[in-house]
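Chemist: structural data only, the sequence is not supplied:
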């Protein structure tokens, strides 16, 4: 039992060393720092995005990135009847998990995501709001990654 406890402790320190090594890798470090400029995106979310997505240019649209991340639902149509299906099972499971967990916390730091979350909670279930926030986060991550510039939060301009 003690040996098992020590192994889990050393796994935690190994995980920390791995995160530190990956964050200092020259090709990854700049990209991760740019992604962390998005309010609500931390070390783990940014690093997971970089490692799981690879070159962001392989996605021609945000919808394709949503699909890869498992944030889209299937749709069955028959005549005028349209049925929404559950979220797709064809996805990058690890990336989906990280994005969903980040989407639960991100509205605390990002006013736009907070507003989106509250609006979606009024329209439906809280899980619907979480998926909407995760999609918006993917949109932000794609934009920052493709433009290779830090995130700038633009609040609504007064008319």
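Modeler: Looks like it came in fine. Computed from a predicted model, the values in this text were never measured in an experiment.
Chemist: grab the most central residue of the protein for me.
Modeler: residue 99 (3.3 Å; Cα atoms, centre = their mean).
Chemist: can you pull the contacts of it?
Modeler: 45, 69, 71, 134, 137-138 (Cβ atoms under 8 Å, 6 or more residues apart in numbering). Where you see a C-beta, it was placed from the backbone N, CA and C, and this is true even at glycine.
Chemist: among those residues, who's most crowded?
Modeler: residue 69 (27 neighbours; other Cβ atoms under 10 Å).
Chemist: what pLDDT does that residue get?
Modeler: With respect to pLDDT, residue 69 has a value of 90.
Chemist: now do it against residue 79, distance only.
Modeler: Using Cβ to Cβ, to the nearest Å, residue 69 is found at 31 Å from residue 79.
Chemist: next: residue 117.
Modeler: Residue 117 is 35 Å from residue 79, by Cβ to Cβ.
Chemist: of those two, which one has the most company?
Modeler: Set side by side, residue 117 and residue 79 give different neighbour counts by other Cβ under 10 Å, the larger being at residue 117 (23 against 5).
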